[in-house]
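Novice: only geometry, no sequence info:
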């Protein structure tokens, strides 16, 4: 595959993960004590409000999600510390691991809904938070500009600030990142009407598909 086509495929795969993150964040906020799994900016703001006793927010759950995300990102940093900043077999393994872990959570919550078990809700939030931290750090390691897969503050800012100032701004990536994160949240909310396990199952399947396609089309071009 040519370099240009490989770059486009990589962007498409990461945008798919952005959509999946929207699903997981919708599950976290709507079903797991109003906690985001991938958006740590939102969790930090909510944690501050929770510490003031506002809105019935649970500080413990928010702090737990932040800690889990940090742990996942830290583990990824160690795993990729000596690897090149391109798609390698280790990249595939990390994305595939995220997909498998989210799938396991989907099966577990299908059997024990988090609303009926506080322990299950905390366990699910911890695993999902760690997965999103691992995923975000892996994407950051790849260094693809304007496709963060989670928080999109910089994309919104850049899209607005560069209007009329730059003709070469990556508006397509920025716009798609914003749209797909929101669309993923919409899809997640709709899937939750059927079952939380279905929503997480779709997110799991997308992550596994990204890992498989990435390895087949991109991973083979990189040194292991």
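Specialist: Received, thanks. These numbers were taken from a predicted model, which means no experiment stands behind them.
Novice: could you point out which element follows the helix or strand hosting residue 133?
Specialist: Assigned by DSSP states H and E, residue 133 belongs to helix 118-142. Remark: after helix 118-142, the chain's next helix or strand is helix 153-161, criterion DSSP H and E.
Novice: residues making contact with that following helix?
Specialist: Defining contact as CB atoms under 8 Å, 6 or more residues apart in numbering, one finds that helix 153-161 is touched by 41, 146, 148, 169, 171, 173-175, 177-178. In short, each C-beta sits where N, CA and C put it, glycine included.
Novice: one more time with 7 Å
Specialist: Residues outside helix 153-161 that contact it (CB atoms under 7 Å, 6 or more residues apart in numbering): 41, 146, 169, 171, 174-175, 177-178.
Novice: quick revisit: buried residues in the helix holding residue 133, which are they?
Specialist: Applying a neighbour-count criterion of 16 or more other CB atoms under 10 Å, one finds 120-142 buried in helix 118-142.
Novice: and the contacts of stretch 192-202?
Specialist: By CB under 7 Å, 6+ apart, the list of residues contacting stretch 192-202 from outside reads 23, 26-27, 30-31, 102-103, 105-107, 109-110, 113, 188, 191.
Novice: contacting residues for the nearest residue to residue 96 once chain neighbours are set aside?
Specialist: Leaving aside its chain neighbours, residue 96 sits nearest to residue 211 (3.7 Å; criterion: CB to CB, 6 or more residues apart in numbering). Residues in contact with residue 211 (CB under 7 Å, 6+ apart) are 92, 95-96, 99.
Novice: then residue 206?
Specialist: Applying CB under 7 Å, 6+ apart to residue 206 gives the contacts 16, 19-20.
Novice: what segments of this protein are helices?
Specialist: Counting by DSSP state H, the chain has helices at residues 3-31, 40-51, 59-79, 89-111, 118-142, 153-161, 171-192, 196-217.
Novice: same list, those, but as CSV with mean pLDDT please.
Specialist: As requested, the helices of the chain are arranged in CSV below (pLDDT from 0 to 100):
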stretch, mean pLDDT
helix 3-31, 93
helix 40-51, 94
helix 59-79, 95
helix 89-111, 96
helix 118-142, 94
helix 153-161, 75
helix 171-192, 92
helix 196-217, 96
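Novice: now residue 200: how far from residue 153?
Specialist: 25 Å (CB to CB, to the nearest Å).
Novice: the more surrounded of the two?
Specialist: residue 200 (29 against 10; other CB atoms under 10 Å).
Novice: find the nearest non-adjacent residue to that one, please.
Specialist: Nearest non-adjacent residue to residue 200, counting by CB to CB, 6+ apart: residue 106, 3.6 Å away.
Novice: what's the local residue count around that neighbour?
Specialist: Using other CB under 10 Å as the criterion, residue 106 is surrounded by 22 other residues.
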